[in-house]
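# Model the following, please.
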Amino acid sequence: MTGPKNHLAAYSLLLALVATSACLAIRAQAPQGQATPSSGPPPPPKVPVNKNATIHATVNLVQIDVQVTDRDGKPIKGLKAEQFSVSEDTKLQKISTFDYYDVAAIETASSQDRTPLTIPLGSVAPPEQLQQQLRDRRLIVLFFDMTSLEPDQLIRSINAADKFVRTQMTPADLVGIVYFGNQLRVLADFTTDKDFLEKAIAALRPGSESQLSALADAASASDDYFSSSEDTDAAFTADNTEFNIFNTDRKLAAVESVSEVVANLPGRKAVIEFTGGITQTGEENRSELEAATNAATRANVSIYEVDARGLLAEIPGGDATTGAASGTSMFSGNAVFAQTQSREDSRETLSTLASDTGGRAFFDLGDFSEAFSAVQADGTGYYLLGYYSSDSARDGRWRNVKVKVSGLPSGAHLRYREGYYAPKEFGVFTTEDRERQIEDAMDSDSPLVELPVAIETAQFRLSDTQVFVPIAAKIASSALEWAQKSGRRQTEFDFAAEIRTVGTNRVVGALRDTITVQLDTARYQQVQQQALLYQGGFILQPGNYKLKFLVRENESGRIGTFEENLSLAAPEADRLQLSSVLLSSQLEEVKKTSEVKTQALAQDARMQSSPLDVGGERIVPSVTRVFTDQQTMYVFFQAYPPAKSDPASLRAGLVFFRNGARVSQTPMVAPDEVDPKTHAASFRISLPLTELAKGSYTLQAIAIEAGGQDAAFARNYFALRAAPKPAETPTPSAPAQPAITPAPSPAPGR
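The predicted structure follows:
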């Protein structure tokens, strides 16, 4: 993967140790002005095929759930195996197993002397054994997102769940209970025991946190599966530090983890999520949304989203918990419109998750019974087909599956998943296999989130025809697998990035590096408490592009990918413009080290310096933009005045907003540096954060021309948290972490 030399630069590869703080969310804000693609589902195909049914592969055994319904949506029973035909990648397969799951058979059976049945959510028993236990059962997970539920919403959800268990739950229903707070926890395994389920639901009421812990431990007492069924944050990061602080990715990762927990159970699963809404913060959440959807479809999980806010007539301008609108917004209707739009935004992701997984979304319900009835109605009978794939290759490729049924009446519908990913073992990969894995991952439309990675990009003008786009990728080192060789710890990464034009999809830049890190024991212990930061960058012409970034950890073969749209505006000769606003808490002296070795595979030019290098130091971007009140924030941006203006006459300052209100500002200052070649004025403003209250902020950079009328604005966002207690890993008040820097590449210049 190589690109034109005049479009790409890995300006200097830095693998730095970055100080971390105790926080919970990942956020990688996309550059301002980027295009956001629609997150809605694609139009339905002409043939009504459900893409959420399961295909479970164990070795070469593939199981497919096929729902066959008439024109009224009622299941068609009594079909024979010889009426079905299955093809994989156009090759006809021999059906080895055939069965029909008839939920009604258990629902109408006598309940006398029936012993409660319990199946662990994260069971690792063979699917063939589980199939007999789960025969004719409806699997339902009640999932409570505690991070988004207000107390009244939680109580409403609890009451609805309790009513369902007492009055609507049938003998065919196996119900499990999961909640997500700081981590994903299982309160109740799949069970028909109504008494236990009612106790678990009651423990969710506000003020019952101690009961939650006891029940979660009890859920795993009989089977040693809890370590796999409990989300230990492996889906996002192992050390719970700066990743996911803005919550959206973390909520979606929890949905993904629920699907992965029940993936080994054969048959259709329904997850009913009680939530107060999930609001995407921008393009950066798209990868995790797609990953959650893919995990659900692979596990045959249909997600049913229940907006726990219920039916509510909102007061114009908000209730007493909302500050009064300022200016004329109340009189013009803008405040009411913004209020309504905010609620709709929080529902868009719910609708997407539900529709893309074959579930439904329920809004404005006064009675949640309708949602439970819909889940039960959708979980009617289905045929379970099994075949041993004629393709024994464990290559991880997508295999297309097509099912046909003969002798069906007019108007009949088939619902099944149209394919699956073949298994693959990284440990036996050849060099060619590993390269093909990266190529396949780069070409894939589906994101990979096996390795948690957070990405931050920015934009700085080099000339009228060139824009420098730095890339910072942050990886939690405790999520990595380190090999022990000759008394030292070692890990190896492959980094790849690709830039394509929007519309033509032409590759205009590529980056590929392999970095090996070797640490002694003391240094390894230090790194385990911190994170690794990779820095690279591209030089591009103004235009619209798609960036795809990939990192692979070569001990386990786990991959993390990130996609983002880049919109690089062309210069406007008669207008003052600003670059991106970059936030940091750390400055590094770039230096050589024997701990890091870099093999650069892309044959592209290297920059001798970058806009981030000022006074012999490099600004290390804060990828997650999480700071503590004991740190100093470094804010860096550039201003580009009209050609006839003097950059030295510019003045710039910062304004801080919290909850929409201005809370602080800095004085206007002169540029720190003026580049005569690029006509750019660079501003680096440093300020201690001790005076700011904890919370989330919008930071606005303002640049004006002294004595003139030109002005420009740019924004970024950050979260401020309290510094860790002394007993915990300290966060330094002044950034002085050492850097792991590879030897610089030959630099022919710009």
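
# Could you list which residues are in contact with Leu578?
Neighbour list for Leu578: Phe637, Gln638, Ala639, Tyr640, Ala701, Ala703, Ala712, Phe713, Ala714 [criterion: C-beta atoms under 8 Å, 6 or more residues apart in numbering]. Yep, even glycine has a C-beta here, placed from its N, CA and C like the rest.

# nearest residue to it other than its sequence neighbours?
Among residues not flanking Leu578 along the chain, Ala714 sits closest, at 4.2 Å (C-beta to C-beta, 6 or more residues apart in numbering).

# what's the distance between the one you found and Asp672?
17 Å (C-beta to C-beta, to the nearest Å).

# Between those two, which is the more surrounded one?
Counting neighbours by other C-beta atoms under 10 Å for Ala714 and for Asp672 shows that Ala714 has the greater number, 20 against 14.

# which ones are touching the more buried one?
Gln32, Leu578, Ser579, Ser580, Val581, Phe637, Gln700, Ala701.

# okay if I get those as JSON lines plus secondary structure, distance to Ala354 and pLDDT?
Shown next, in JSON lines, are those (DSSP: H, G, I helix; E, B strand; the rest coil; distance: C-beta to C-beta, whole Å; pLDDT from 0 to 100):
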{"residue": "Gln32", "secondary structure": "coil", "distance to Ala354": "30", "pLDDT": "33"}
{"residue": "Leu578", "secondary structure": "strand", "distance to Ala354": "40", "pLDDT": "95"}
{"residue": "Ser579", "secondary structure": "coil", "distance to Ala354": "40", "pLDDT": "95"}
{"residue": "Ser580", "secondary structure": "coil", "distance to Ala354": "35", "pLDDT": "95"}
{"residue": "Val581", "secondary structure": "coil", "distance to Ala354": "36", "pLDDT": "96"}
{"residue": "Phe637", "secondary structure": "strand", "distance to Ala354": "40", "pLDDT": "96"}
{"residue": "Gln700", "secondary structure": "strand", "distance to Ala354": "36", "pLDDT": "96"}
{"residue": "Ala701", "secondary structure": "strand", "distance to Ala354": "39", "pLDDT": "96"}
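
# For the residues you listed, which two are the farthest from each other?
Using C-beta to C-beta, these reach their maximum pairwise distance at Ser579 and Gln700, which is 14.1 Å.

# of the two, who's got more company?
Remark: of Ser579 and Gln700, Ser579 carries more neighbours, 24 against 17, as counted by other C-beta under 10 Å.

# I'd say the more buried one and Leu462 touch.
No. With contact defined as C-beta atoms under 8 Å, Ser579 does not reach Leu462; the gap is 10.7 Å.

# Overlap of the contact sets of these two?
Pro611.

# and the closest residue to Val467 other than its chain neighbours, what is it in contact with?
Spatial nearest neighbour of Val467, excluding adjacent residues (C-beta to C-beta, 6+ apart): Leu568 at 4.7 Å. By C-beta under 8 Å, 6+ apart, the contact list for Leu568 reads Gln459, Val467, Val469, Leu540, Gln541, Pro542, Gly543, Asn544, Tyr545.

# Which PyMOL command selects the buried ones in the residues you listed?
To isolate the buried members of these in PyMOL, using 16 or more other C-beta atoms under 10 Å:
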select buried, resi 459+467+469+540+541+545
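
# how about TSV for the contacts of Leu568, with pLDDT added?
What follows is the contacts of Leu568, written out as TSV (pLDDT from 0 to 100):
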residue	pLDDT
Gln459	94
Val467	92
Val469	92
Leu540	92
Gln541	93
Pro542	95
Gly543	95
Asn544	95
Tyr545	96
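
# From the contacts of Leu568, pick the one nearest Arg347.
Using C-beta to C-beta, the contacts of Leu568 come closest to Arg347 at Asn544, 28.7 Å.

# Just to check, that closest one is in contact with Ser567?
Yes. Taking contacts as C-beta under 8 Å, Asn544 lies within contact range of Ser567: 5.3 Å.

# if we can go back for a sec, TSV please, covering the contacts of Ala714 and showing distance to Val449.
Shown next, in TSV, are the contacts of Ala714 (distance: C-beta to C-beta, whole Å):
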residue	distance to Val449
Gln32	25
Leu578	33
Ser579	30
Ser580	25
Val581	28
Phe637	31
Gln700	32
Ala701	32
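
# from those residues, which single one is nearest Gly358?
Distance to Gly358, by C-beta to C-beta, is smallest for Gln32 among the contacts of Ala714, at 35.9 Å.
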